[in-house]
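In: sequence and predicted structure, then a few things I'm wondering about:
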Amino acid sequence: TIEEYNNFARLLGCEISPDSPTWEEDFDLDDGSILRVNGLNSSMVSNHLDNVVKEVVLGRYQVPKEKPGVVQVALCHHPPDWWRDDDEVEFHLRERCHIELFGHKHSHRLEQMGNTVVVSSGAVHPERDEVKWEPRFNWFEVEVVGKDSDRKLQVKVYPRVLHGAGFVADTLTCDGKDHKEFTLGLPSWTPTVPTSSDAS
């Protein structure tokens, strides 16, 4: 239930409610800009028939707004092919976000779509009776290179999959390497230089 989720999520600052169905958290990037993780909510319009009929509704109001100096990340449990409003919302989400993270299906995928890295995460602890039981996780390195009108976002994704007693690099996903790297274009942005009046 939502109550059980919130008991856990409250400790991490990402609880939800009807009045505040989403959450966000900011991280500093190399050039002074912000990486904003937007926790989108796919559970408010959802029920036990979701796997039969598309009942999940996200709504355009959850799409992050464009802000100078902010790199947007979307984090959502259900992936777009489970949304009733997928065509409209996914289009706008892809326009605004450089990274999209989805779960639910326990099927790992890692790809670049336009100027966005899209990760279907798999699951650290999938159900034992799943057809392909494959515990896995991903971790990320995100860095801004260049400046002003030549800014790029470098995203490195390190997929890890359970092998024997521990997690190892998923080299099959990464063309023989331990990670996959993406370079995405960023809009021009220059940090604001504080003036003497700002310090007073």
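Out: Now that the structure is in, tell me what you want to look at.
In: partners of the longest strand belonging to the chain, with directions?
Out: Among the segments of the chain that qualify as a strand by DSSP state E, the longest is strand 152-163. Neighbouring strands of strand 152-163 in its sheet, by DSSP bridges, are strand 136-145 (antiparallel), strand 166-169 (antiparallel), strand 180-185 (antiparallel).
In: where does this structure have its least confident helix or strand?
Out: helix 196-199 (a mean of 60; mean pLDDT, DSSP states H and E).
In: so where's the protein uncertain?
Out: Applying pLDDT under 70 to the chain flags residues 1, 45-54, 194-200.
In: so which residues of it form helices?
Out: 2-9, 86-96, 196-199 (DSSP state H).
In: put together CSV for the ones you listed, with distance to K156 and mean neighbour count on each row.
Out: C-beta: built from backbone N, CA, C; applies to glycine. Output for the helices of the chain, formatted as CSV (distance: least, Cβ to Cβ, whole Å; neighbours: other Cβ atoms under 10 Å):
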stretch, distance to K156, mean neighbour count
helix 2-9, 27, 12
helix 86-96, 21, 16
helix 196-199, 35, 6
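In: for E100, what are its contacts?
Out: Residues near E100 by Cβ atoms under 8 Å, 6 or more residues apart in numbering: 73-74, 76, 93-94, 116-119.
In: want to throw the residues you listed into a markdown table with distance to S149?
Out: Below are the contacts of E100 laid out as a markdown table (distance: Cβ to Cβ, whole Å):
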| residue | distance to S149 |
| --- | --- |
| V73 | 23 |
| A74 | 25 |
| C76 | 31 |
| L93 | 25 |
| R94 | 22 |
| T116 | 20 |
| V117 | 22 |
| V118 | 26 |
| V119 | 28 |
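In: for A123, which of the strands paired with strand 152-163 is the nearest?
Out: The closest of the strands paired with strand 152-163 to A123 is strand 136-145. By Cβ to Cβ, the value is 7.2 Å.
In: which residues touch that closest one?
Out: Contact with strand 136-145 is made by 29-31, 33, 35, 71, 99, 108, 110, 119, 121-124, 151-162, 167, 170, 179, 186, as judged by Cβ under 8 Å, 6+ apart.
In: list the buried residues of stretch 115-131.
Out: 116-123, 126 (16 or more other Cβ atoms under 10 Å).
In: what's the closest of those to P21?
Out: Nearest member of these to P21, counting by Cβ to Cβ, is S121, at 21.1 Å.
In: just the strands in this protein please.
Out: 23-28, 34-39, 70-76, 97-102, 109-113, 116-120, 136-145, 152-163, 166-169, 180-185.
In: TSV for the ones you listed, including distance to D85?
Out: Formatted as TSV, the strands of the chain follow (distance: least, Cβ to Cβ, whole Å):
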stretch	distance to D85
strand 23-28	21
strand 34-39	17
strand 70-76	13
strand 97-102	15
strand 109-113	18
strand 116-120	18
strand 136-145	27
strand 152-163	27
strand 166-169	36
strand 180-185	25
